[in-house]
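A.B. asks: predicted model and sequence below, questions to follow.
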Amino acid sequence: MAAKVMIFYLICFNSLFLLISSKKENQKTIFDETTLKHLKLKNRIFRGAVGDQSFINGKISEEGFKLYDQLSKNEIGLIFTGYTMVSDYLQNDKYHTFRFDKDEYIPEFKKLVDIVHKNGAKFFMQLAHIGMNTLSKSEIIYAPSSLPIPNQNRKSKEMTKDDIIRIENNFANAALRAKKAGFDGIEIHGAHFYLISQFLSPLFNKRNDEYGGNDENRARFLLEIISKVREKVGNEYIVGLKINSEDGDENGITEEGFLKICQMAEAAGIDYIQISGVKWIKQRIDNLIYSDIGTKLAEKLNIPIMIIGGARNVDELNEIINKSNIKLIGIVRPLICEYDLVKRWKNGETKKSKCISCNTCLRKSPGICIFNKNKCDRKIAQPAKFQSIQLGEYKITYLPDGEGYTIPAFSYHGSTEEDWKNLNEYLNNEGKSLMSMGSFLIEYKNEKILFDLGIGKIHFSTPEGSAEGGELLNNLKKAGLDRKDITKVIYSHFHPDHVGWTSIEENDKRVLTFPNANYYSSKNEWDFWKDKTNEPIGINRKLFKEPLEKKIKFLNDGEEIIPNLFVKFEFGHTPGLINLILNADGKRMWFISDMVHSDLQFENPQWCFFTDNNEEKAIKTRKNAFDDLSKPNTIIANSHFVEEAFGYLKKEGEGKYKFERYTK
Ligand SMILES: Cc1cc2nc3c(=O)[nH]c(=O)nc-3n(C[C@H](O)[C@H](O)[C@H](O)COP(=O)(O)O)c2cc1C
Ligand code: SF4
């Protein structure tokens with residue numbers, strides 16, 4: 001009997017095993033080889049277009065070449081260039097984007113193609129006309145209709161029939177150039193409210209002629225481009241389309257309209273459709289936002305369908321590939337964040353992308369992730385090391401909090417409670433401290449003052465060993481102190497936005513709080529925050545009552561907390577930005593606490609707290625700040641500067657400093 005039962009179980013187990021293994025065999029994965037028309041691809045993943053910023057005087061910069069070299073070495077099957085202008089370059093002259101409006105650029109792009117091909121990836125060029133989605137001051141801005149250009153006191157020009165024909169030809173000529181340069185295909189950029197997308201969208205297309213009024217007419221410009229391109233490049237060459245499936249507005253393109261336009265594009269000879277929209281610009285996304293509409297479209301059309309937007313999780317990618325007829329899935333921001341992500345996934349890692357879809361790489365520092373220093377990096381400024389120095393009667397120790405990441409995006413004006421929540425969640429998952437923000441310990445007689453550069457209570461007051469506390473408490477022990485030995489803590493604490501406060505606490509009791517920004521960017525901002533705080537705002541409360549449209553200056557002289565040690569607000573508007581000033585022989589030593597403290601600040605002026613949207617000025621101001629380091633007795637220190645500043649002081653001789661009581 002027992003033997004029979006045993007045999008029964010064995011049979012069941014074997015059939016189950018066979019069932020599972022045959023299912024597995026039938027399963028697709030994103031790492032399967034595949035084809036697009038005649039083109040063999042090593043997998044189903046593509047890096048979608050990322051506007052290149054590296055075309056300077058007809059040449060691609062070194063960094064531009066490096067970026068594509070790196071991407072193509074990291075297991076991405078198909079790579080797209082960023083949008084490449086087919087004409088009217090002046091309409092988009094601000095960002096050194098790629099252009100292919102002249103034959104003379106063919107050799108340069110050929111070099112790029114050769115690099116990508118050598119590394120085994122396929123390469124498409126995305127062609128675009130920017131339309132009225134422009135920042136340029138160019139005299140004429142061509143668009144489907146004459147509408148006010150955002151942030152500019154003027155209107156676009158409604159394109160005439162001649163303009164339409166010219167730009168259609170520009171697309172066709174650029175496509176031929178791309179073919180000559182060796183690209184494996186081209187993609188017509190019909191998404192994201194650039195010119196073609198403006199023609200397609202009722203939001204921008206207000207025409208009453210044959211190019212407006214209904215979906216068929218709105219699609220005419222696109223369809224004419226497709227057939228002119230096809231005429232130039234022939235039937236074998238791959239010509240694709242990226243298109244909005246939604247315009248983020250109920251008056252924009254409808255689902256029905258979208259499906260109809262895709263069918264017309266297929267009939268006009270397009271080889272694939274890549275589905276996008278504007279959701280990824282407006283929302284924080286972390287899943288494949290176009291998988292449903294992609295599934296639907298793939299059932300309707302015979303050509304391959306690709307989706308892009310929200311690919312963060314390799315398991316989800318595999319699931320969608322199996323559940324639908326979607327052929328390829330695109331990834332963009334995660335590869336700005338970690339260019340080797342696909343390779344690591346291929347090697348079995350299943351960790352979700354680190355990208356938090358904050359869009360800083362889109363808006364603030366194009367192509368550069370908040371986690372990285374440069375475009376081609378995957379990494380991450382290192383914090384300075386634990387170190388002490390005796391300056392006169394003051395012993396100053398830098399207490400790092402371990403490796404972490406700055407998340408400046410969260411400090412931007414407009415970030416929300418939700419952002420803040422996401423940040424904490426993210427950091428918890430990563431096991432990281434809030435930021436890699438070290439703190440300064442200042443020991444003077446019996447005073448042990450912690451200038452906590454972390455975000456306030458989070459650093460110092462979090463339970464030992466918790467991620468938010470970073471290494472701070474361990475490093476405090478290294479300095480021979482315990483938490484209870486600290487006599488004063490100075491820290492900034494703020495809501496997840498622009499506005500913050502600095503507090504000084506003695507024995508856990510707040511003795512002084514003052515606002516941490518010298519102005520609010522608008523009255524609305526203040527109105528928003530003023531009722532949301534119970535903070536016992538101290539000496540500067542009255543300042544908030546002043547007209548807030550004006551910039552408010554305060555704390556000009558600083559607040560002295562022990563002899564010669566002043567806490568002072570200085571420049572800028574970054575939350576958490578406070579200074580400690582140690583007065584040395586009438587000259588100042590600065591300790592700057594700021595939120596955005598990684599190397600980025602110094603490489604990218606737009607990150608820097610000196611910035612006032614004037615890049616040149618920002619660089620100059622920063623340079624002056626560096627120059628200050630060479631002046632005796634002056635130090636500018638945040639965790640970025642610590643090594644340099646302490647090094648300088650040590651070289652000069654620690655004993656040399658004499659501190660006298662500061663007089664105004
Ligand atoms: C910095 C940056 C530049 C982009 N440039 C382009 C572009 O030139 N052409 C384009 O079609 N999409 C562009 N996109 C959009 C992406 O191709 C993609 O559709 C979007 O980032 C959503 O995908 P993701 O969630 O994987 O990032 C850009 C996105 C970013 C972040
Ligand atoms: S800057 Fe933000 S959106 Fe861009 S790659 Fe980095 S985390 Fe993602």
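C.D. replies: That came through, no problem. Ligands and ions are numbered 1, 2, ... in the order given.

A.B. asks: residues of the stretch 101-250 of the chain that sit close to ligand 1?
C.D. replies: Neighbours of ligand 1 within the stretch 101-250 of the chain, by C-beta under 6 Å from any ligand atom: Gln126, His189, Ala191, His192, Lys242. Quick note: C-beta positions are derived from backbone N, CA and C, even for glycine.

A.B. asks: farthest pair within the residues you listed?
C.D. replies: Farthest pair in these (C-beta to C-beta) is Gln126 and His192. Separation: 10.9 Å.

A.B. asks: give me the more crowded residue out of the two.
C.D. replies: For Gln126 versus His192, neighbours defined as other C-beta atoms under 10 Å are more numerous around Gln126 (26 against 21).

A.B. asks: gap between the more buried one and Asp162?
C.D. replies: Per C-beta to C-beta, to the nearest Å, Gln126 is found 26 Å from Asp162.

A.B. asks: span of stretch 136-152 from start to end?
C.D. replies: With C-alpha to C-alpha, to the nearest Å as the measure, stretch 136-152 spans 9 Å from end to end.

A.B. asks: I meant stretch 145-162, not that one.
C.D. replies: 14 Å.

A.B. asks: how about that stretch: buried residues?
C.D. replies: Ser145, Leu147, Ile149, Ser156, Glu158, Met159 (16 or more other C-beta atoms under 10 Å).

A.B. asks: now stretch 300-311
C.D. replies: Under 16+ other C-beta under 10 Å, the buried positions of stretch 300-311 are Leu301, Ile303, Pro304, Ile305, Met306, Ile307, Ile308, Gly309, Gly310, Ala311.

A.B. asks: hmm, the second one is touching Gly269, no?
C.D. replies: No: checked against C-beta atoms under 8 Å, the pair Ile303 and Gly269 is beyond contact range at 9.7 Å.

A.B. asks: residue contacts, Gly82?
C.D. replies: Ala49, Val50, Gly51, Asp52, Gln53, Thr97, Phe98, Gln126 (C-beta atoms under 8 Å, 6 or more residues apart in numbering).

A.B. asks: the last one: what secondary structure?
C.D. replies: By that I understand Gln126. Three-state call for Gln126 (DSSP: H, G, I helix; E, B strand; the rest coil): strand.

A.B. asks: could you measure from it over to Ile285?
C.D. replies: With C-beta to C-beta as the criterion, Gln126 and Ile285 are 21 Å apart.

A.B. asks: with the third one instead?
C.D. replies: As judged by C-beta to C-beta, Gly51 and Ile285 stand 19 Å apart.

A.B. asks: of the buried residues of stretch 145-162, which pair is most distant in space?
C.D. replies: Longest span within the buried residues of stretch 145-162, C-beta to C-beta: Ile149 and Met159, 14.5 Å.

A.B. asks: ranges for the helices of the stretch 51-200 of the chain?
C.D. replies: 62-72, 106-118, 161-181, 195-200 (DSSP state H, counting those that start in this stretch).

A.B. asks: can you say which of those is packed in most?
C.D. replies: helix 195-200 (a mean of 28; mean count of other C-beta atoms under 10 Å).

A.B. asks: in stretch 262-279, what counts as buried?
C.D. replies: For stretch 262-279, by 16+ other C-beta under 10 Å, it's 262, 264-266, 268, 270-279.

A.B. asks: hmm, back to that, ok, so of the contacts of Gly82, who is nearest Ser439?
C.D. replies: Taking the contacts of Gly82 together and measuring to Ser439 by C-beta to C-beta, the closest member is Gln53, at 36.3 Å.

A.B. asks: how's the chain carved up into domains?
C.D. replies: For the chain, the structural domains run 46-377, 380-663, going by automatic domain parsing.

A.B. asks: can you tell me which of these the model trusts least?
C.D. replies: Least confident of the domains of the chain, judged by mean pLDDT, is domain 380-663 with a mean of 56.

A.B. asks: restricted to helices, list the buried residues of stretch 262-279.
C.D. replies: Cys262, Met264, Ala265, Glu266, Ala268, Lys279 (DSSP state H).

A.B. asks: can you tell me which two in these are farthest apart?
C.D. replies: Applying C-beta to C-beta across those, the maximum distance is between Ala268 and Lys279, 26.4 Å.

A.B. asks: the stretch 251-400 of the chain against ligand 1: which residues are in contact?
C.D. replies: 276, 280, 308-311, 331-333, 361-362, 366-367.

A.B. asks: swap in 8 Å and give it another go.
C.D. replies: 276, 280-281, 285, 289, 308-312, 330-336, 355, 357, 359, 361-362, 366-367 (C-beta under 8 Å from any ligand atom).

A.B. asks: within reach of ligand 2, which of the residues you listed are there?
C.D. replies: Okay, of those touching ligand 2 (C-beta under 8 Å from any ligand atom), that's Arg333, Pro334, Ile336, Cys355, Ser357, Asn359, Cys361, Leu362.

A.B. asks: quick one: contacts for the residue of the stretch 101-250 of the chain found nearest ligand 2?
C.D. replies: Minimum separation of the stretch 101-250 of the chain from ligand 2 (C-beta to the nearest ligand atom) falls at His192, amounting to 15.6 Å. If a contact means C-beta under 8 Å, 6+ apart, then His192 has Asn133, Asn244, Ser276, Val278, Ile281 as its contacts.

A.B. asks: neighbours of Thr35, how many?
C.D. replies: Neighbours around Thr35, by other C-beta under 10 Å: 10.

A.B. asks: could you check the pLDDT of it?
C.D. replies: At Thr35, pLDDT is 97.

A.B. asks: for the stretch 201-350 of the chain, what spans make up the helices?
C.D. replies: 215-233, 255-268, 279-282, 291-300, 314-323, 333-337, 341-346.

A.B. asks: closest to Glu75 out of the ones you listed?
C.D. replies: That would be helix 341-346 among the helices of the stretch 201-350 of the chain, by C-beta to C-beta, at 4.3 Å.

A.B. asks: tell me the secondary structure at Ser357.
C.D. replies: Quick answer, by three-state DSSP: Ser357 is coil.

A.B. asks: what sits up against stretch 97-107?
C.D. replies: By C-beta under 8 Å, 6+ apart, stretch 97-107 touches 51-53, 55, 58, 60, 81-87, 89, 109, 125, 127, 170, 173-174, 177-178, 180-181.

A.B. asks: residues of the chain that sit close to ligand 2?
C.D. replies: 333-334, 336-337, 353-362, 365, 368-372, 409.

A.B. asks: and these, which are buried?
C.D. replies: For those, buried by 16+ other C-beta under 10 Å: 333-334, 336-337, 353-362, 365, 368-372, 409.

A.B. asks: what's the end-to-end length of stretch 132-146?
C.D. replies: 9 Å.
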